[in-house]
Structures are given as C-alpha cells and as structure tokens.
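Participant: Kindly return the folded structure for what I paste below:
(4 chains)
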There are 4 protein chains.
Amino acid sequence: MSSRLKVDTTGITTPWAIPIPLNILPTKTERMLQILSNILATRSFQNTIIAVILINAAILGLMTSHTLAPSTIETLEWLDHLCLVVFCVELLMKLLVYRTGFFSDGWNIFDFVVVGIALVPSTGALSVLRAMRVLRLMRLVSSMPSMRRVISGMFRSMPGVTSVAGVLLVIFYVSAIMAIGFFRELDPEKFGDLGSTFFTLFQLMTTEGWPTIARDIMKTMPYAWVFFVPFIILTTFTTLNLVVGIIVNGMEEAKEESAREEMVAQGYHISEESNEVRIAMIRNDVKNISEDLEKLESALTRLMQIRTELRSATTPSVES
Amino acid sequence: MSSRLKVDTTGITTPWAIPIPLNILPTKTERMLQILSNILATRSFQNTIIAVILINAAILGLMTSHTLAPSTIETLEWLDHLCLVVFCVELLMKLLVYRTGFFSDGWNIFDFVVVGIALVPSTGALSVLRAMRVLRLMRLVSSMPSMRRVISGMFRSMPGVTSVAGVLLVIFYVSAIMAIGFFRELDPEKFGDLGSTFFTLFQLMTTEGWPTIARDIMKTMPYAWVFFVPFIILTTFTTLNLVVGIIVNGMEEAKEESAREEMVAQGYHISEESNEVRIAMIRNDVKNISEDLEKLESALTRLMQIRTELRSATTPSVES
Amino acid sequence: MSSRLKVDTTGITTPWAIPIPLNILPTKTERMLQILSNILATRSFQNTIIAVILINAAILGLMTSHTLAPSTIETLEWLDHLCLVVFCVELLMKLLVYRTGFFSDGWNIFDFVVVGIALVPSTGALSVLRAMRVLRLMRLVSSMPSMRRVISGMFRSMPGVTSVAGVLLVIFYVSAIMAIGFFRELDPEKFGDLGSTFFTLFQLMTTEGWPTIARDIMKTMPYAWVFFVPFIILTTFTTLNLVVGIIVNGMEEAKEESAREEMVAQGYHISEESNEVRIAMIRNDVKNISEDLEKLESALTRLMQIRTELRSATTPSVES
Amino acid sequence: MSSRLKVDTTGITTPWAIPIPLNILPTKTERMLQILSNILATRSFQNTIIAVILINAAILGLMTSHTLAPSTIETLEWLDHLCLVVFCVELLMKLLVYRTGFFSDGWNIFDFVVVGIALVPSTGALSVLRAMRVLRLMRLVSSMPSMRRVISGMFRSMPGVTSVAGVLLVIFYVSAIMAIGFFRELDPEKFGDLGSTFFTLFQLMTTEGWPTIARDIMKTMPYAWVFFVPFIILTTFTTLNLVVGIIVNGMEEAKEESAREEMVAQGYHISEESNEVRIAMIRNDVKNISEDLEKLESALTRLMQIRTELRSATTPSVES
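Facilitator: Okay, here's the model as predicted:
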C-alpha cells in the first residue's frame, strides 16, 4: 500500500490514513481505528463538520443580540456547547487515528488550538478567551479546500519576500528609536516608549491622521518633516513592494500549478522551469535547429549529385 | 436558419430573434412580431434609446436644481414621464418578440428592474424609490456594448476569486463577534450590535479614522491594538489580493480574447490553452524536433555512402 | 526629400522642417525661414530654451518669498518678462517656419497656450491668470523627450480604458442624483446641489473622512450605509481598474517599443502582433514542423531502400 | 591571480582582496594586511559583526525605557560604546586592507557614514546626531546579502523611472507656486511660503485630511476645487505609475537574474535580450524553418526520382 494515499475526496490529503480491509486486522482496537479512519475519510463527514461550523456561526451571531430572553440565551449557550462537543469528538477521532501524525499537518494544529481556546476556563485574566472562542469559526477556512488553497498560496509566497519584510522591520525599529529620541518630550503619549511609538509609526505608515501629528510637532520642531516625510515615503513604498510581491508570486504559482495539471492531463511531461528559462532554451534550440537544417540542405545538395552521376553512369551502360 | 444569428450591428447579440421574411409568415400577429423584431434590431433604434437615456439624464440632473420655477419642474416631470413611457414601450416590444427568452439575458432583467422601480407607486415606506428612479440611467451601461464588456469582464473574473472573498467574509464575521465581545461596553455606538460593528470594521478596513477609534479604546484597554493592528493588516492585504486578482484576471482574459480574434482573422486555429501550457508544449516539441533532426542527419550520412558505393559501382562498369 | 526627416537630434521630430541648402532658395524670405528652421533644429537651441525654463522656474520660486526688497521684486519681474520674451520669440520662430503645420503637434499647442496665459492682461476676473503664469514651467515636460514619452505613454493607453472611465462617470452621476434625493435636507452643505454633491462623492471615493459624513447622516437615516458602503466599494474598485489598466497598458507598450527598436537594430523584421498571438502561432508552426519532419523521415526511409536496390543492382553487374 | 576573486562565502564580493599565500610576501606590513584581509573574508567575522549589530540594536532599544536605574543606563552606554569601537575597528581594518578601493563600494561608504555619525561630538546644533546614532543599525541591511539585494533591486529599477519622477516634481513645483499665488492670504499657515506649501501639497498627495483644507478654502473661493481635485487625481496617478514601475521592473529583473543563474547552471548560454525580443526572434526563426523544411521536402521528392531512374536503369542491365 502506498503511503501517500488520498483517502478523502474533498481534496484534503490524509497521508497517514491507510484504508486497510477490516478482516485482516487482528485486534478490536485496530478495527475500531480503521472504522474511525473510514468515517473521517468520507465526504459526508466533512460536510457534517462544515454544517456544524455554520450552525455555530449562526449561534454566536445570534448571541450578540441585545434583546434576547434569558431562556433563549440559555438555549443558544447549550447549542454552542453541543457544537463544541462535536468538534472535540472530531479532534479526538483524528488524534486516535493519526496519533503523532496529527501534528504534522499545520491545519490540524490550527483546529486543535482554536477549539482548545474554548476548553480553557475563561475566568479572571483569561476572560478574554471567552470572546475569542469565536475563532473556531475560522475552521470554515481550514475545512474547505478552496479556501485552504488561498491561505496556503499566501504562505507559499512569503519565503520569497522575507527579505523585504526584514528591511521593513529594520526601518521601523530604527525610526522608532530615532522618533523617541526626537519627540519624546514633545508628545509623550505618542512617542513615550517603544510600544506606543511602534503604534504611532504604524499609524503613520497607514498615512492615517499623519498631518495632525506632524503639524503638531512641527510647531515646536519646524524641521520634523525631515523625519516624517521620508518615513512615510519609505515605509509606504516598501510595504507596497512586499504586498505586490506576495500577491504576484502567489498568482504566478497558481498559474504554473494549473498549467502543470493541464499538461499532466494531456500526457506531457513538464519540467520545473520558469517561463524565462523555457523561452531562452527554446530560443537556443531553435537556433540550433536552423543551423542543423542548413547542414541538412547542403547534405541533400551533395546527394543531388547522385542523380547526375547516376544518369551519366546508367546512360553509357544502357548504350553499351 | 442558424439559431445564433446576430441580428443587430451594435454587437448586442439577440439569439432569439430570427429575421424571417415577412411574406412567409401566416398570421397578422406573426407579421407584427417580425416587424417589431426588425425594428428592435436596427442600429437607429438602439441609438434612439441611448439618446432618450441621455435626455433623461439631463432632465434628472436639471431637476436637482434649487432655483426652478414650478412650471419648469412640471415640464421636466412631464418629459421624464415621456422618457419612462419610451422605456416601457421598448421593454414591451422586447417582451412581445422574445417572450420567455427575454429573461435569459441578464441585461434585460437589469433593464426590467431599473425601469420597473419607477412604475411602483413611491409613497410611504417606498418613497425612497422616487430618488432611486435615477437608476434607470445605468441603462446607458447596458445599452453600449463597450461598457457592457467592462462589466461582463469584471463578472467573468469573479468566479476565480470567490475563495478569497470567502476568506475575507469569514475574517470579517469572526472579527465582528470578537470585537462585540471585547468592546461592546466601551463604545456601544460603534460596537453595540452586529450591524454597527460590521460598519465600524468596514471603516477600519478602509483605514479611515482608525487611530481615533483605536486610541479611544486603548485608553481603557491598552492591549486593544492586538485586535486592531492585525485586523487592519489582514483585511487590507486580503482585499488587495481580491481586487488585484479580479483586475489582473479580467485583463488577461481581454488579451486572450483579442489574440483569439486576431488569429481567427488570419485563419489560424488557436486552442484554449494558457500561455504557460503553450510555452511548455513548444519546449517539448522543439526538443523532439532537435532529436528528430539528429536522426535525419545520421540517416542522410548513411545515404551519403550511396555516392561512394555508386562511384565504386559505376566506375568498374565503365572500365569494363 | 523625405517628408519625415528627423531634423533635430534630441528626438523631437519636426516633420515639417526640411533642411534645404540655402543657395538654391530664390528669395530672401525663404532664406530667412531656412535659417530660422536650421536654428530651431540645433540641439543648442533646445538646450537654451530648457535653460531659460529652469531660470524662469527659479525666478518664480524666489518671487514667492515674503522677505523680498521691492528692488529685488522689480528685478525678478523684469527677468521674468525677459524669459517670457524669449518664449514668445521662440513661438514666433516656430509659427513663421512651420506656419499651419505648427498646430498639428499637440505639444506646440500646449506651449502656445501656457505662454499665451501670461500675455493676457491679468486684471479683474482674469487676475487668477497671474498666478497661473507658472504653468509655462510645464514646458520643461514638453521640451525634454524622456518626459514627453511618459505623458505620451499615458495618453496612448487611455483609449483602451475609456469604457471603464465611462462606467465610472455613469456610476458617479447616478449616485449624485440619488444622494441629492436622499440627503439634501439632512446636509445641504454637502449634498445641496449637483456641484457640491459631486465634490462630496469625490471625497467619498478617496475614502477621506467618509465615516464622519456617513455616521452623521446615519443618525437620522440609519439605513444610509446601504448607499455609502456599496458606493465606496464600487468606485474604489472601478478607479483601481481604470488606473491599473492605464499603467499596465502603458508599460506593455513601452516594452513592445523597446523590443521593436532592439530587433530593428539587429536587422530583424518584427510584426505588429501581441505576445499571445506570437506564442500561439509558434505553437502551430512547431506542430506543423513536427509533422513535416515525420514525413521527411519516412521519405528518407524509402530513400534508404535505394541503397539496398543499388547494392543488389550493382553486385550482379560486378559479378557478371 | 584573477582580480575578481570571491574571497568570502556570504556572497559579499570583495574584488580587491587577493588571497596571497603569506610566505611569498616580503614585508611585515604586507603580511599583516594579508592576515587582516583573510580575517575580513571569513564567514565567522561577518557573522560576528551581524551579532554585534543585533546586540547594539537591543541595547539602543533598552535605552529608550523610562524606568532605568542610572547604573543600568551607564552600563548600557558603555556597551554601546564597545559596539561602536568594534565597528570602528572593522572599518579601520577595511580601510587598511582595501585602501582607496574601500570607497568604490557604496555599501562601505554607507557603513562609514552611519558609524561616523556617532563619532561626531553631539553637542549644540549637532545634538540631533545623538538620536541619529541608531542609524548604524541599518548596517544589518548592508551586512546581509539578501537584504542588500532588495535595496540594490530597488536602486537598479530607479533609472527607468527617473522621467516619471521628473514629471511628478515638475507638477509639484508648478502647483506649489500656483497654490501660493491663490491661497496665500486665505491660509498663511498652510500656503505661506514654498516650504509649507510643499508640505501641504505632499499631505494632499497622500489624500490625508484634504477635504478639510479644501472645504475651508472653498468657503471663500468656491472654485478652489478646480485646483484641488485635478491636483489630487494627477499626483496620485503619477505616483502610482512611479511606484508600480519601480516594483514591476525590480521583479522582472529578479526573474531574469534567477533564470540566468538556472541556465548557467545547466550549461546553456543565455543572451541579454528581453522576453519580447526572444519570442519575436523565435517566431522569425520558426517561420524560416518551416520554409526550409518545404525546400527540403521538394529536394527529397526530386531525390525520390532516383529510385525510379535507378530501377529503370538497373533493370535493363540485369536483363542484358
């Protein structure tokens, strides 16, 4: 049995699940695990989970309403707990079947965390977790393959832009320390310490309300624009560079992938090159073909002389 | 008769209108319908409708003026009703000629709706419809083929980006419920219920006035930036991804379409592949051609030996 | 003499100027015009004009200073008039040499207008023209070929996007009339008449300060967001579509043009096709070449039989 | 010895450092310089410098804290001076080894300046330099090759867009002088002199708070929108053109470079053409190949007649 069997049909690869016929499994436990594995693989199970997520979304949405009778709130809470139980059961099934292989898939870890948030008792300092339980609705993204591809696409193009992100971070850090040095006394609320300065610089990067801050400071320091204007230009440009890089890389990877699938479907072998390399290699090969054809033509011209020689050779022998 | 006859010359395809010669139609009704169909197909009819739309636009524009004498307002209203009558007559003609086929074209449904808005009595709760009667001016877009192509282009590239839109919607919904949970008490006007939270989050997504809202809330909850900053980064990035996706897909489809038209005009057959697939297939074929040429060369080299054999064969026979 | 002689070396084509040797010109006037034409064509003349523009720029910049002695202002004004005289002389020279051909080049008409602004007496209602005399500094763009290419590039890509601009205009006009109908009583300053509504809608399109306007109106009309949110989404998207279209088309045209120049320099003939058409035609031709090569191979295989026949034919004649 | 030896393995080319074996160097000084050169080339030295930069970054970050005991501040200052000493030693080493070649690399000049800022006594008018000493943390960008490539990529694509930047500057300058002429009396703070007008126009270009400024001025000058609206449209568009040009050119250069590296690794020679030129040349060559193949086919057809002639020639000789 191949170790990379696709055992579910929604496109979610579960490489660790091996559909083994039940009768060859020795123990009850293994048969139980195989049954669970089969259930997890079926499409209807996936769709059930998606349905439960949507129901949970509606419940959490309704619970934000002001005008709810206490009994309604109670019912909704109970239904919410029911959904949570379903998610826990699903996670348990996956943990049982896949064991340590469970944590090899990032999406599983994501599911584990967002469901686990609701299991932590949300009291005291962790009361904020109660509002964060809605994060489990992000499982809609992790459950639907098309949405997973969007997120995976973004993550796949990020390695190519880590350098740009690094440059942006260095610019930010250096500007923050400079801004604190320059403006701390003038505006302690905005430039008081590293944290608030980062927040203010992020605000400047979104160019939101920056003239107010700048003109304020320029009343006392008329040359402060030497800091603000280049900072805005530099960060806006680098951020655009970063964002455009991620988006364009992701789109090109998607085009390459669909091209690859098309070629495989048509039986062609397609190599892992980029378009530029292919076009340059085609150019080279076509030039060589042109030269080869010239050689062929001269060879054929010499062969043409056979006719002449043959004619002159055969005519005398006919005559004799 | 082909069922996909282009019966008007402005590029608006009316696949259900068949120009049948009048004399072969049995009944008066069918002759009437054919006359109407012919009228609808002529270019001057299309241009008349566009002219009426533009006149209606001018009328509705003039009617916004403060300083109008009541008699002028009356005249303008009367002219506006006249335009509406023209549109209704056009719609009736189309309904008569195309019958149920009328509703198969989205643009017809659009025309039907925007003209129908003016026919609904605009009183009471529906008084807003009176101001919305101007929507029929959007018929300028549905009447001119170039503008229709713009809108169709955008709609055609939307299926490719539904996943990105879906991810954006999930992020929005989850953030809304979290924001209500966090900020409801601090700012009931902005985060009071789901509707106003969606509006506030949309405002944050346009990064408009977000520092004011954020700094306000951060006076009480100093860590609120952990919500606002990632939300702004995430939604701005996903929205850019969505928008760039739609725009670039639309532009590529337009280029492919014009390339296809050029090829057809030149008599070439062009397949429905993408550029990447074509370049990869060219690469494959060019490699095979290189190999084939090598085989040809070796074959020709062996053929060259004919000359030698022939020379040696013919020389003795000449000598003998 | 070719009618499209490039008579100046800065890349500014003057197709109507024909360098005729002086001695073959009959009259004094024609000799004078030829001298003027030669002067206009020299590179040093172009550079002199650019220098005068830059000096005029410095003068007008200095004249904005508060702390100028009246004598300095007088001197600067006198120098400004001197520059204006230089520009008028240049325009007169061009008018004399090129006569009616002068107005066939858009850049000449631009130069004519911006210099003419300063000649109109700037008094009374036209006093605003005094501040607009600085527009002649835009001649720096019309005098330097690289900058002319930038502007020409943008203008060349505009025809492709007139449909998008048209859709945007229709959306604007329709939304303006709707907004007046909805919001006139609530905010007469912003939505009072067509002009101020257009200004407010343009402000909304730049998403600048829109929540303030929207929340204000939503105090009285809680459903006003049904107008504002779709309007912002629609116009921002269409504008991005328009802008990206112009920029990308312009960049592609620039790439095609530089590719064409490279090919011409290398002696290749390059046709006016787009890349997509070229790649599809290469694909077709390469497929045909593959098929032709197969036919060649089978023909050569049949030719190989000559060897066999020849061998069998020559061996008996040697033996006999 | 090659004069372009890569002597360090982090990708930072030091073309002037020649690894000469020590024993063939005559004097002590040259041996000393060679030892220094070898040290500078080792990867561990580069990593040490990066580590010192990061430590310096942490120190400067900690020093922004409010709640530091004076002893802590003293220790941090001492550590900061230690880092500065390390940087000075490194610069001295480079100066000694590379002598005048040091200033041929822009990154070295950058390092020299940002470290030198800290050496200038920061008193009086130059007290701002104390806060600017953090600029030496930008050395992280100059020390890591991936980040250097990002900056180099941006700089390499700038020459292609100088014309667009020039057009933007001319628009800015002309609009500034016009705005001063129009609005100086109405709003002296924003449009008082050239400097503040440039700042206000930059603010308008970022479309931040522009309606406030515009509506203010339009209270007195109702037609001021004729200046503001076209200015915003024009500058926003030209800036987008500029930014997109730099980003896209940089990305294409990066793709070309990685394609070139791939080809070199595979042993292909790749010419310095653009994709458009390559595709057009492939098109030409493929067309010629098609024509050559046709000639080959007709040549082979004529050769086929050899068979016939041979048959008719050899049959009689067998018969006789």
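Participant: Could you use CA atoms for every contact and neighbour count after this?
Facilitator: Noted.
Participant: A:Trp225: what's it in contact with?
Facilitator: Applying C-alpha atoms under 8 Å, 6 or more residues apart in numbering or on different chains, one finds that A:Trp225 lies in contact with A:Ala214, A:Met218, D:Phe199.
Participant: Which members of those come out as buried by neighbour count?
Facilitator: A:Ala214, D:Phe199 (16 or more other C-alpha atoms under 10 Å in any protein chain shown).
Participant: export the contacts of A:Trp225 to JSON lines and tack on secondary structure, distance to chain B and pLDDT?
Facilitator: Listed next are those as JSON lines, based on DSSP: H, G, I helix; E, B strand; the rest coil; distance: C-alpha to the nearest C-alpha, whole Å; pLDDT from 0 to 100:
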{"residue": "A:Ala214", "secondary structure": "helix", "distance to chain B": "15", "pLDDT": "94"}
{"residue": "A:Met218", "secondary structure": "helix", "distance to chain B": "20", "pLDDT": "92"}
{"residue": "D:Phe199", "secondary structure": "helix", "distance to chain B": "21", "pLDDT": "95"}
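Participant: Which one of the contacts of A:Trp225 is nearest to chain C?
Facilitator: Closest approach between these and chain C, by C-alpha to the nearest C-alpha: D:Phe199, at 15.2 Å.
Participant: Kindly list the main-chain dihedrals of the residue nearest the centre of chain A?
Facilitator: Among the residues of chain A, the one closest to the centroid is A:Ser152, at 2.0 Å (C-alpha atoms, centre = their mean). Main-chain dihedrals, A:Ser152, degrees, to the nearest 10: phi -60, psi -40.
Participant: distance of it from A:Val115?
Facilitator: 21 Å (C-alpha to C-alpha, to the nearest Å).
Participant: B:Phe172 is in contact with A:Leu137, correct?
Facilitator: No - applying C-alpha atoms under 8 Å as the test, A:Leu137 and B:Phe172 come out as separate, 11.0 Å apart.
Participant: Give the residue from those two that has the larger number of neighbours.
Facilitator: Counted by other C-alpha atoms under 10 Å in any protein chain shown, A:Leu137 and B:Phe172 do not tie: A:Leu137 has more neighbours, with 24 against 19.
Participant: Need phi/psi at that one.
Facilitator: Backbone torsions of A:Leu137, given as degrees, to the nearest 10, read phi -70, psi -20.
Participant: Show the contacting residues for it.
Facilitator: A:Ile53, A:Leu54, A:Asn56, A:Ala57, B:Val170, B:Val174.
Participant: List just the nearest of those to C:Thr29.
Facilitator: B:Val170 (79.3 Å; C-alpha to C-alpha).
Participant: Correct me if wrong: the closest one contacts A:Met138.
Facilitator: Yes - if you go by C-alpha under 8 Å, B:Val170 and A:Met138 touch, sitting 6.7 Å apart.
Participant: Name the residues that touch the helix or strand encompassing A:Phe172?
Facilitator: Applying DSSP states H and E as the criterion places A:Phe172 in helix A:162-183. Contacting residues not belonging to helix A:162-183 are listed as A:191-194, A:197-198, A:201, A:217, A:231, A:235, A:238-239, A:241-242, D:60-61, D:64, D:128, D:131-132, D:134-135, D:137-138, D:140-141, D:146-147, D:150 [C-alpha under 8 Å, 6+ apart].
Participant: just the buried members of those?
Facilitator: Using 16+ other C-alpha under 10 Å as the threshold, A:191-194, A:197-198, A:201, A:217, A:231, A:235, A:238-239, A:241-242, D:60-61, D:64, D:131-132, D:134-135, D:137-138, D:140-141, D:146-147, D:150 are the buried ones among those.
Participant: quick check, stretch A:249-259 touching chain D?
Facilitator: No - Stretch A:249-259 stays clear of chain D (C-alpha under 8 Å from any C-alpha of the partner chain), getting no nearer than 9.7 Å.
Participant: ok, now which ones touch A:Ser290?
Facilitator: By C-alpha under 8 Å, 6+ apart, A:Ser290 lies in contact with D:Asp285, D:Asn288, D:Ile289.
Participant: wait, what's in contact with the closest residue to chain D within the stretch 201-320 of chain A?
Facilitator: Distances between the stretch 201-320 of chain A and chain D by C-alpha to the nearest C-alpha are smallest at A:Val277, namely 5.3 Å. Counting by C-alpha under 8 Å, 6+ apart, A:Val277 touches D:Ala259, D:Arg260, D:Glu262, D:Met263.
Participant: check which helix or strand covers the closest residue to the first one other than its chain neighbours.
Facilitator: Just to be clear, that refers to D:Ala259. Of all residues not flanking D:Ala259 in the chain, A:Val277 sits nearest, at 5.3 Å (C-alpha to C-alpha, 6 or more residues apart in numbering or on different chains). Taking DSSP H and E as the definition, A:Val277 sits inside helix A:275-319.
Participant: Also A:Gly195?
Facilitator: helix A:194-205.
Participant: Could you do A:Ser37 as well?
Facilitator: According to DSSP H and E, A:Ser37 maps onto helix A:28-41.
Participant: Got phi/psi on A:Arg184?
Facilitator: Taking degrees, to the nearest 10, you get phi -60, psi -50 for the backbone angles of A:Arg184.
Participant: same question for the helix holding A:Ser37, mean pLDDT?
Facilitator: The pLDDT scores in helix A:28-41 average 80.
Participant: Three-state assignment for the closest residue to A:Ala254 other than its chain neighbours, please.
Facilitator: In space, A:Ala254 comes closest to A:Gly153 once its chain neighbours are excluded; the distance is 7.7 Å by C-alpha to C-alpha, 6+ apart. Under DSSP: H, G, I helix; E, B strand; the rest coil, A:Gly153 falls in the helix class.
Participant: residues in contact with A:Gly153?
Facilitator: Per C-alpha under 8 Å, 6+ apart, neighbours of A:Gly153: A:Gly250, A:Glu253, A:Ala254.
Participant: And it, what's its pLDDT?
Facilitator: 75.
Participant: what does A:Val264 give?
Facilitator: With respect to pLDDT, A:Val264 scores 78.
Participant: Could you check how far it is from chain C?
Facilitator: 18 Å (C-alpha to the nearest C-alpha, to the nearest Å).
Participant: Next one: that residue relative to C:Val286, how far apart?
Facilitator: 20 Å.
Participant: try A:Ser37
Facilitator: Distance from A:Ser37 to C:Val286, by C-alpha to C-alpha: 50 Å.
Participant: The lowest-mean-pLDDT helix or strand in chain A vs helix D:275-319, what angle?
Facilitator: Lowest by mean pLDDT, DSSP states H and E among the helices and strands of chain A is helix A:275-319, with a mean of 72. Interaxial angle, helix A:275-319 versus helix D:275-319 (axes from the mean of the first three to the mean of the last three C-alpha atoms, to 10 degrees): 20 degrees.
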